[in-house]
Structure formats: structure tokens, C-alpha cells
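[1] Return a 3D structure for these sequence lines:
(one chain, ligands or ions: 1)
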Amino acid sequence: MSAGELAGLGIAEARRRLAAREISSAELTADCLAAVEAADALNAFILKTPETATEMAAAADARLARGDGGLLEGIPLAIKDLFCTNGIATTTASRILDGFTPPYESTVTEKLFAEGAVMVGKTNMDEFAMGSSSETSAWGPVINPWRATGDNSQRSPGGSSGGSASAVAAGLALGATGTDTGGSIRQPASLTGIVGCKPTYGRCSRWGVVAFSSSLDHPGPMARSVEDTALLLQAMSGHDPKDSTSADVPVPDFAAAIPGDLKGLKIGIPREYRVDGMPDAVETLWSTGADWLRAAGAEVVDISLPHTKYALPTYYIVAPAEASSNLARYDGVRYGLRVAQADVNDMYAATRRAGFGAEVRRRVLIGTYVLSAGYYDAYYLKAQQVRRLILRDFEEAFERVDAILTPTAPEAAFAIGAKSDDPIAMYLNDVFTVPGDLSGVPGISVPAGLSAEGLPLGLQVMARAFDEETMFRVAGRIEDAAGFDAKPAAWWRGES
Ligand code: GLN
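    Next comes the predicted model:
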């Protein structure tokens with residue numbers, strides 16, 4: 001067996017081999033840890049947790065030996081550093097949380113670990129999940145394992161869950177957690193050739209996930225196949241009394257919903273998702289995707305989501321408003337960074353100036369502005385009204401169709417630094433994902449083809465709130481038809 005072979009297994013296949021005792025979690029985990037060690041060039045991890053992983057794997061092997069393993073028993077995962085992990089440093093890629101070790105576990109990671117998952121480390125990301133490129137981390141940018149054909153320059157994996165995306169795409173873990181507030185699971189999944197799912201708002205608990213924008217934050221899974229993603233989502237989901245917006249609804253067997261044709265299903269193609277300057281490859285892949293769904297038995301129809309063009313401006317009022325409120329707690333008093341000053345107000349200011357990066361400061365400034373007396377009605381209240389209209393677009397569309405097909409992102413992975421000086425260009429990367437966050441409907445990105453430069457492109461499937469089963473079924477047919485099996489050359493291990 002060569003290095004990285006076990007780490008490259010799918011979750012479903014690894015479960016089968018673990019259950020049959022053909023492999024142990026100790027071996028599988030050791031292979032992932034070795035792959036992580038050999039991939040420092042990707043900067044995908046803020047913290048590696050080899051000792052924790054090794055202990056968790058041994059405990060998983062003991063349970064497997066007794067025949068009482070959970071859904072993810074012995075499966076190594078990477079955890080976005082936005083999830084609080086009990087006794088293990090959590091930074092959200094920000095200096096402001098320097099020295100913070102949570103004394104509790106997020107509900108999502110607790111559920112994953114209760115099902116036997118093994119944590120290999122905490123992944124790098126945009127600071128406070130604010131970004132689309134994973135470049136705003138205080139620990140430096142995450143690098144995409146993919147490179148364009150004949151071009152060795154470094155690409156962004158997208159963001160903000162870019163460390164999780166790169167780790168899964170490079171075979172450092174079998175799956176990962178991410179969070180999606182405006183696209184941060186689906187867009188990096190698209191840019192790294194993996195599957196990423198943002199479930200319905202309320203499906204996965206936000207408890208213990210460091211808050212960015214509470215009405216928009218969605219924890220969710222990332223993996224290398226639709227089935228693996230469904231298994232992870234199942235383990236992560238469920239009602240949580242500790243999160244007041246957690247939905248008390250049953251958790252279906254998501255993976256069981258994947259097989260089957262699409263007869264009787266209607267798929268909508270929203271005309272507003274055709275944006276200027278979209279590369280031909282994205283456009284072509286989208287219509288090819290529609291052909292695949294037709295061939296699988298679905299009826300494909302044109303639909304309209306008329307308020308789409310207001311989604312980004314609405315998002316960039318609501319998200320910073322909530323962020324400015326959520327981030328008010330970082331004052332240097334109780335935990336995290338403190339820059340001591342004689343006067344307490346000076347201490348707050350000095351701590352926040354030293355602790356927050358430029359993008360986070362921009363969000364706090366915009367957020368406090370749109371919430372301030374005199375501007376609240378013009379911006380925040382108006383944005384909430386438009387958000388309602390965007391939700392209504394989806395509700396009306398889902399009276400006619402069962403799922404919606406769109407590209408996930410308007411382009412393939414861009415070069416590191418390409419958009420760093422232009423926040424608007426960066427924000428535009430989320431044009432197809434933000435409406436799903438504003439409305440709360442589930443969406444998944446499935447790798448479906450390559451760009452002209454040989455970089456992965458994803459297609460997105462959205463479905464009705466709490467109908468992830470239809471979303472997974474449609475995603476499964478895209479996965480079958482696309483047969484996407486391209487892999488990045490492992491340059492980070494010195495292979496070209
Ligand atoms: N790129 C968006 C932003 O910067 C979305 C980030 C996210 O989904 N966490 O806010």
C-alpha cells in the first residue's frame with residue numbers, strides 16, 4: 001500500500017473496510033496524518049492534532065472490535081477552525097482569539113465525535129469566515145492543490161472554508177466541516193473539485209460555532225462524493241435546544257435518498273443566473289448539466305428568481321450588521337487577545353485594532369453604519385424587506401419546480417492575490433450562493449467539469465427547505481453523469 005492510499009478512500013468505502021476489519025482506524029488515521037505532514041505547502045491547517053487523532057482512532061478501533069461502531073466510526077475528518085473544540089485552541093483565523101481554548105464542544109463536532117469520527121486538525125480559513133478566498137487568515141493564505149495546465153502559479157481554494165476544501169481535495173482527510181454564510185462551503189467546493197453542502201437553515205446547530213452572521217450561518221459537510229457528504233450531514237444534523245433557531249424536524253437517511261432516476265421531477269433553470277463575463281466553460285457546463293438531468297428523467301424548465309440582482313447588496317448589509325453586533329464581544333476583557341492600556345477604553349480600541357484584520361474591520365464599520373440611527377431604516381430595514389422578497393422568489397419557484405440547477409461560482413479558482421485589493425470583485429464570487437443563504441434553502445455543489453485552464457468547476461443544486469433528499473438525488477445524477485475523477489497533481493509532495 002502506498003502512502004496516501006487509505007487517506008484517499010471515500011467515507012462509504014472506508015466504513016465498509018473498517019467494518020470488515022480489513023483496515024483499522026489507526027492505519028487510516030496514520031495515513032491521513034502522514035498526508036497532512038507532507039502538505040504544509042497548502043497551509044490548510046491552523047492546528048494539527050495528531051495526538052488527539054491517534055487517541056480517537058484507538059478508541060474507535062476498540063468500539064469497532066466490539067461491533068458497536070457509530071455512523072462515522074474511525075473516519076478521519078478535518079474541522080474548520082470556526083467550530084469550538086473542547087480543550088483544543090480555536091482561533092477563527094484571527095489574532096483576536098489568541099490563547100483561547102474553548103471549555104466546551106460545538107454541537108456539530110460533538111455529534112460527529114459521538115458517531116466515532118476522528119479529528120486530524122483545525123483548518124485554516126478567512127478570518128471570522130469573512131471572505132471568498134481564504135487569504136484573510138492571520139496565518140496566511142490557504143493554497144489550492146489544483147494548478148492551471150502549464151502554469152505553476154498558486155491558486156486560491158475559495159473561501160471561507162478553504163482549508164477544509166484543500167484538505168479534502170488533497171486527500172489529507174476523508175471529509176471536513178465547513179460553514180456557509182454567503183457561499184463558504186459551496187464556492188470552495190467548486191474551486192477544489194469536491195462536494196460541499198449547505199443544508200437548510202436550522203438543520204445543523206450553530207451552537208459552539210463562532211458567530212459571524214447568526215441568521216445566515218450554516219454549518220455543513222464537505223467530502224469527495226455525494227454519498228460521503230450525505231453521511232456526514234446525517235451525523236451533523238438534528239434538533240439542538242441550545243440553538244434557538246435549530247429546527248425540530250426528523251433527520252432522514254440522506255444517503256438512502258440518492259439512488260433513483262428523476263422521473264416526475266421538475267428542475268428549474270433561473271434566467272437571472274446568467275451573468276456578464278461568465279466564462280464559456282461555465283455556461284456550457286450548466287447546459288450540459290441540464291441535459292444530464294433530462295436524460296435521468298427530469299423535466300427541465302426555465303424559471304425566474306426576479307430579485308436575484310439584489311441578493312449581494314442585501315447580503316452585504318445584513319451580514320456586516322449582524323457581524324458588528326456579534327464581534328462586539330471581543331473586547332480583551334474575558335478571553336483572547338488583550339493589548340493592555342492604562343485606560344479601559346484605550347484597551348478596547350488597542351485590542352481590537354491589533355486583533356482584527358482589515359476585512360473584519362471593514363465589516364464592523366459597515367455593520368455599525370447601517371445599524372446607526374438615521375441609517376437603520378434606509379439600509380438595514382430595507383435589506384430585511386428585500387430579503388423577504390428573495391425568499392418569496394424561491395417559494396414561488398418551488399411551487400413549480402422541485403429543484404434548481406445553477407453554476408456554483410461564476411469562475412474557476414483564481415490566482416492568490418488576484419482579488420485582494422478589490423473587495424467588490426471578491427464579493428461577486430458569491431453571486432450564485434448568497435441567495436440560498438438569505439432564503440435558507442439547501443444547496444450542494446457537485447464537481448462537474450474542468451475549465452479551459454484545467455481547473456474544476458461545480459454545479460449547484462438547490463431544493464425546498466428541508467428537502468435535502470431531493471437535492472441529494474439530483475446531485476447524485478450529476479455526479480454519475482459527470483464522472484468527475486480528475487485529481488490535482490501532488491506537487492506539494494514533490495510530485496509533478
Ligand atoms: N464570501 C462571503 C463573505 O465574505 C461569504 C462568507 C461565508 O459564507 N462565510 O461574507
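
[2] quick one: contacts for the spatially most central residue of the chain?
    Using C-alpha atoms, centre = their mean, the residue of the chain that lies closest to the mean C-alpha position is I185, 2.0 Å off. Shown in contact with I185 (C-beta atoms under 8 Å, 6 or more residues apart in numbering): S161, G178, T179, G196, C197, K198, H218, G220, P221, M222, S445. The C-beta positions use only the backbone N, C-alpha and C, and glycine is treated the same way.

[3] Could I get the average pLDDT for stretch 199-215?
    Stretch 199-215 shows an average pLDDT of 98 in the prediction.

[4] Same check on stretch 247-255?
    On average, stretch 247-255 scores 98.

[5] now do stretch 359-370
    97.

[6] so after the helix or strand harbouring G268, what's the next helix or strand?
    Using DSSP states H and E, G268 sits within strand 266-270. Next along the chain after strand 266-270, taking DSSP H and E as the criterion, comes helix 280-295.

[7] ok, the residue of the stretch 201-350 of the chain at minimum distance from the ligand to D402 distance?
    Residue nearest to the ligand within the stretch 201-350 of the chain: A319 (5.3 Å; C-beta to the nearest ligand atom). Using C-beta to C-beta, to the nearest Å, one gets 29 Å for the distance from A319 to D402.

[8] and the stretch 151-300 of the chain, which residues reach the ligand?
    S160, T179, D180, T181, G182, G183, S184, F212 (C-beta under 6 Å from any ligand atom).

[9] Just put the residues you listed in JSON lines and tack on neighbour count and secondary structure.
    Shown next, in JSON lines, are those (neighbours: other C-beta atoms under 10 Å; DSSP: H, G, I helix; E, B strand; the rest coil):
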{"residue": "S160", "neighbour count": "37", "secondary structure": "coil"}
{"residue": "T179", "neighbour count": "26", "secondary structure": "strand"}
{"residue": "D180", "neighbour count": "31", "secondary structure": "strand"}
{"residue": "T181", "neighbour count": "28", "secondary structure": "coil"}
{"residue": "G182", "neighbour count": "33", "secondary structure": "coil"}
{"residue": "G183", "neighbour count": "32", "secondary structure": "coil"}
{"residue": "S184", "neighbour count": "36", "secondary structure": "coil"}
{"residue": "F212", "neighbour count": "27", "secondary structure": "coil"}
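
[10] so which two of these are the farthest from each other?
    The span of those, defined through C-beta to C-beta, is set by G183 and F212 at 12.6 Å.

[11] The spatially closest residue to P221 that is not a sequence neighbour is in what secondary structure piece?
    Computed as C-beta to C-beta, 6 or more residues apart in numbering, the closest residue to P221 that is not its neighbour in sequence is L232, at 3.4 Å. Following DSSP H and E, one finds L232 within helix 226-236.

[12] ok, and does the helix or strand hosting R361 reach over to the ligand?
    Element membership of R361, judged by DSSP H and E, is helix 358-371. No: figure legend: helix 358-371 not in contact with the ligand (C-beta under 6 Å from any ligand atom); closest approach 7.5 Å.

[13] Could you report the neighbour count for the nearest residue to Q234 once chain neighbours are set aside?
    Nearest residue to Q234 in three dimensions, chain neighbours excluded: F254, at 5.1 Å (C-beta to C-beta, 6+ apart). If you count neighbours by other C-beta atoms under 10 Å, F254 ends up with 25.

[14] One more: R362?
    Burial measure for R362: 14 neighbouring residues, criterion other C-beta under 10 Å.

[15] Spatially nearest residue to it (excluding sequence neighbours)?
    Closest to R362 by C-beta to C-beta, 6+ apart is P423, at 6.9 Å.

[16] Hmm, that neighbour is touching E359, no?
    Yes: P423 is within contact range of E359, at 7.4 Å (criterion: C-beta atoms under 8 Å).

[17] Who has more neighbours out of these two?
    Ranked by neighbour count (other C-beta under 10 Å), P423 and E359 place E359 first, with 18 against 15.

[18] From A481, how far off is that one?
    38 Å.

[19] again with P219
    29 Å.

[20] Looking at the two, which has the bigger crowd around it?
    With neighbours defined as other C-beta under 10 Å, P219 and A481 compare such that P219 has more, 28 against 17.

[21] Skipping adjacent residues, who's closest to A38 in space?
    The nearest residue in space to A38 (C-beta to C-beta, 6+ apart) is R493, at 4.9 Å.

[22] For that neighbour, give me its contacts.
    G4, A38, A39.

[23] thinking again about what came up before, would you mind listing the two of the contacts of I185 that lie farthest apart?
    Greatest spacing in the contacts of I185, by C-beta to C-beta: T179 and S445 (14.5 Å).

[24] where in this structure is pLDDT low?
    1, 495-496 (pLDDT under 70).

[25] In it, which helix is the longest?
    The longest helix of the chain (DSSP state H) is helix 382-400.

[26] how far does the following helix or strand past that helix sit from the chain's center?
    Once helix 382-400 ends, the next helix or strand along the chain (criterion: DSSP H and E) is strand 403-407. When C-alpha coordinates are averaged (C-alpha atoms, centre = their mean, to the nearest Å), strand 403-407 and its chain have centres 18 Å apart.

[27] ok, strand 403-407: who's next to it in the sheet?
    strand 266-270 (parallel), strand 456-463 (antiparallel) (DSSP bridges).

[28] is it possible to export these to a markdown table including mean neighbour count?
    As requested, the strands paired with strand 403-407 are exported to a markdown table (neighbours: other C-beta atoms under 10 Å):
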| stretch | mean neighbour count |
| --- | --- |
| strand 266-270 | 20 |
| strand 456-463 | 28 |
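
[29] For I416, find the nearest of those strands.
    Closest among the strands paired with strand 403-407, using C-beta to C-beta: strand 456-463, at 16.7 Å.

[30] Is the ligand within reach of the closest one?
    No: with C-beta under 6 Å from any ligand atom as the criterion, the ligand is not reached by strand 456-463; the gap is at least 13.9 Å.

[31] quick revisit: check which residues of the helix holding L232 are buried.
    V226, E227, D228, T229, A230, L231, L232, L233, Q234, A235, M236 (16 or more other C-beta atoms under 10 Å).

[32] Y201 and D180: what is the separation?
    Y201 is 10 Å from D180, by C-beta to C-beta.

[33] Report the set of residues contacting both of the two.
    H218, D437.
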